[in-house]
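Q: model this:
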Amino acid sequence: MSKLGRVLVAMSGGIDSTVTAMILHEQGYEVVGITMKTWDYANSGGSKKETGCCSLDSINDARAVSVQMGFHHFIVDIREDFGDYVIDNFVDEYMAGRTPNPCVLCNTHIKWNSLLKRADAMDCEFIATGHYGQLYWHDNAGQNRTNLNDVRSGLAGDGGRYFVGKSADDNKDQSYVLWGLSQECMARSRFPLGHMTKPEVRQLAYDFGHEELSKKAESFEICFVPDNDYRGFLKRRNPGMEAELAGGAFVDQQGKQIGTHAGYPFYTIGQRRNLGMAFGKPMFVTEIQPDTNTVVLGEVDDLVRNGMIVGGVNFQKYAGLPPEGMEALTKVRYKDRGTLSMLSSEVPGQVTAEFYANVRGVAPGQSAVFYDGDDLIGGGIIHSSSR
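A: Residues are numbered from 1 along each chain as shown. Coordinates of the predicted model:
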């Protein structure tokens, strides 16, 4: 066994996870590759052909690299767990009038749990992924900040905290989707790409002799919605819902009906396009009322919110908030630049965020993530917002 340890690498067949395996192999780790089959495209019913992380081509690409570099590779079927948790939640959230974030749930509740379970079974000390983020540890005093990629064994000392930090590439930073990682998961995880930019990763793939891989396109769709048509996916999962929900009311801010819609699950907060009718001026979805199949529309300023309540909070850098609360940069969506906020907590697992500047498009069901500089304080699911 390597002196550096044995690491289980999640390999999707894409460039990021493949380069992750290559880096760790070159560094001298004993690498074991694993590809998780999360979804069967044949069951999606979409129009797009099978591509992405769960396709046969991607699985074969991951295996081919493993064979070439001389380390073991395994395929694990987690479709049942994935479907029961991630897909059911995706459908349930839309049916409840909220906007889900399936990638967060998949990362924190399915993939990491599956990786840790297999890592234990294969005597792997660490797990690694191709996420663009960095992992740190600090002691109770906030001193001795250590980047885990510089550590070859467990950190000494009790009471310290593990936490995610932003990656070096702002355009690729994925810390937002990693807020749910537990202390146990972070202690054993490694993100070798966290200090790199995407062009550097592509160059490294080329330098390793994989020119075709270095040019491989990225996939931005939800893996189980390959045609990027979530409306069609909901219809296929709930036959008859379109007819049942069609004809609901579009109402203005005063509650006056101004049109009809195709069914409330087919709309999200902040949506402007594909409303199905013209109103003579730009109109946006500002609220969804599932009990009455009503979608509230307004102008852009009607999207403004000055605060929100976030539930299911997982704390990372700190064990919780101080009694007086604390300031943090708060992101309410993946590409959000963040807004300075005051955080407070009177209910365990729940945080109230008061924005110092008004924020548009706060959508219940989406993730809210709190930052201390580049470090994750934690995050949770948006329950409600306030004007």
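
Q: what sits closest to Thr330 if chain neighbours are left out?
A: What sits nearest to Thr330 in space, not counting adjacent residues and going by CB to CB, 6 or more residues apart in numbering, is Ser341, at 4.2 Å. C-beta: built from backbone N, CA, C; applies to glycine.

Q: and the one you found, helix, strand or coil?
A: Following DSSP: H, G, I helix; E, B strand; the rest coil, Ser341 is assigned to strand.

Q: distance check, it against Ile377.
A: Look at Ser341 and Ile377: by CB to CB, to the nearest Å, they are 11 Å apart.

Q: in the protein, which residue sits furthest out from the middle?
A: Distance to the chain centre peaks in the chain at Lys256, reaching 37.0 Å (criterion: CA atoms, centre = their mean).

Q: per-residue pLDDT of that one, please?
A: In this prediction, Lys256 carries a pLDDT score of 97.

Q: and if you look at Ile381?
A: Residue-level pLDDT assigned to Ile381 equals 97.

Q: same deal with Ala121?
A: In this model, Ala121 is scored at 94, pLDDT.

Q: over to the one 10 residues further on?
A: With respect to pLDDT, His131 scores 95.

Q: neighbours around the nearest residue to it once chain neighbours are set aside, how many?
A: In space, and not counting its chain neighbours, His131 is closest to Gln174: 4.8 Å by CB to CB, 6+ apart. The tally of other residues near Gln174 (other CB atoms under 10 Å) stands at 22.

Q: what does the pLDDT read for Gln174?
A: For Gln174, the model assigns a pLDDT of 95.

Q: can you name every helix or strand that the helix or strand bottoming out on mean pLDDT in the chain contacts?
A: One helix or strand of the chain scores below all others by mean pLDDT, DSSP states H and E: helix 56-69, with a mean of 82. The contact analysis (3 or more CB pairs under 8 Å, 6 or more residues apart in numbering; DSSP states H and E) places helix 56-69 against helix 15-27, strand 30-37, strand 72-77.

Q: low-confidence ranges, the protein, go.
A: Within the chain, the segments meeting pLDDT under 70 span 1-2, 40-55, 141-142, 152-158, 220-221.

Q: can I get the CA coordinates of stretch 9-29 in PDB?
A: C-alpha atoms of stretch 9-29 as PDB (Å, rounded to 0.1, in the frame of the first residue of the first chain):
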ATOM      1  CA  VAL A   9     -12.100   8.600  -6.400                       C
ATOM      2  CA  ALA A  10     -15.600   9.300  -7.800                       C
ATOM      3  CA  MET A  11     -15.100   9.100 -11.500                       C
ATOM      4  CA  SER A  12     -18.000  10.200 -13.800                       C
ATOM      5  CA  GLY A  13     -16.000   9.900 -17.000                       C
ATOM      6  CA  GLY A  14     -15.800  13.700 -17.300                       C
ATOM      7  CA  ILE A  15     -12.600  15.700 -17.400                       C
ATOM      8  CA  ASP A  16     -12.700  17.000 -13.800                       C
ATOM      9  CA  SER A  17     -13.000  13.700 -12.000                       C
ATOM     10  CA  THR A  18     -10.600  12.000 -14.400                       C
ATOM     11  CA  VAL A  19      -7.900  14.600 -13.900                       C
ATOM     12  CA  THR A  20      -8.500  14.300 -10.100                       C
ATOM     13  CA  ALA A  21      -7.700  10.600 -10.400                       C
ATOM     14  CA  MET A  22      -4.600  11.300 -12.500                       C
ATOM     15  CA  ILE A  23      -3.300  13.900 -10.100                       C
ATOM     16  CA  LEU A  24      -3.600  11.600  -7.000                       C
ATOM     17  CA  HIS A  25      -2.100   8.700  -8.900                       C
ATOM     18  CA  GLU A  26       0.900  10.800  -9.900                       C
ATOM     19  CA  GLN A  27       1.300  12.100  -6.400                       C
ATOM     20  CA  GLY A  28       1.700   8.500  -5.200                       C
ATOM     21  CA  TYR A  29      -1.700   7.600  -3.700                       C
END
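
Q: going forward, count from 807.
A: Renumbered: residue one is now 807, and that last one reads stretch 815-835.

Q: flag every buried residue along it.
A: Residues of stretch 815-835 classed as buried by neighbour count (16 or more other CB atoms under 10 Å): 815-831, 835.

Q: Phe1121: what's it in contact with?
A: Residues near Phe1121 by CB atoms under 8 Å, 6 or more residues apart in numbering: Leu1127, Ile1183, Gly1184.

Q: show the end-to-end separation of stretch 1159-1172, please.
A: Stretch 1159-1172 has its terminal residues 14 Å apart, counting by CA to CA, to the nearest Å.

Q: contacts for that stretch?
A: By CB under 8 Å, 6+ apart, the surrounding residues in contact with stretch 1159-1172 are 899, 902-907, 1074-1076, 1106, 1109-1116, 1134, 1136, 1138-1139, 1145-1150, 1174, 1176, 1187-1191.
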